[in-house]
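In: below: sequence and its predicted model.
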Amino acid sequence: QAQLVESGGGLVRPGGSLRLSCAVSGRPFIFSVAAMHWFRQAPGKEREFVAGIGWNTFIQYGHFVKGRFTISRDNAKNTVYLQMNSLEPEDTAVYFCTARSRGLVSSTPSDSDYWGQGTQVTVSS
């Protein structure tokens, strides 16, 4: 089992930045071999893949990211991060951290084994 706890969400003006964190705990889950992801869901919309980082540091981003976001991981701290710059109102959503115990990064939500509770990101002037 694994527990994922996101933090760092909040209200930011357009063009601003936020850094989301996701701390992972639990055994026998092994963070260092897991693929970690960020998904988001806006009201009335389906969950959308934001970014993923594999155990081998392979990285994939959603099509809308366009160089604005950076995903990273710290295996010593069992934590994955999402640095978001140049935020737009369209980025407003609940952001979820997910883990896939084994395997590669996947943009399909159902491939993730564990989900956090989500953190709200609101971009508004």
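Out: That came through, no problem.

In: the most centrally placed residue in the chain: helix or strand, and which one exactly?
Out: Centroid-nearest residue in the chain: W38, 2.1 Å away (criterion: CA atoms, centre = their mean). W38 belongs to strand 35-41 when assigned by DSSP states H and E.

In: CA atoms only for that strand, dumped as CSV, please.
Out: The C-alpha coordinates for strand 35-41 follow below in CSV (Å, rounded to 0.1, in the frame of the first residue of the first chain):
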residue,chain,number,x,y,z
ALA,A,35,6.4,5.7,-12.1
MET,A,36,4.9,8.9,-10.7
HIS,A,37,2.4,11.2,-12.4
TRP,A,38,0.3,14.3,-12.0
PHE,A,39,-3.2,14.4,-13.4
ARG,A,40,-5.7,17.2,-13.1
GLN,A,41,-9.5,17.6,-13.3
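
In: for that strand, packing partners?
Out: When contacts are defined as 3 or more CB pairs under 8 Å, 6 or more residues apart in numbering; DSSP states H and E, strand 35-41 sits against strand 18-25, strand 48-53, strand 69-74, strand 79-84, strand 93-100. Quick note: C-beta positions are derived from backbone N, CA and C, even for glycine.

In: residues in contact with the last one?
Out: Strand 93-100 has contacts (CB atoms under 8 Å, 6 or more residues apart in numbering) with 2, 4, 6, 9, 20, 22, 24, 29, 31, 34-42, 45, 47-48, 50, 80, 82, 106, 109, 111-121.

In: quickly run through the sheet partners of it, with directions.
Out: Strand 93-100 pairs in its sheet with strand 35-41 (antiparallel), strand 114-115 (antiparallel), strand 119-123 (antiparallel), by DSSP bridges.
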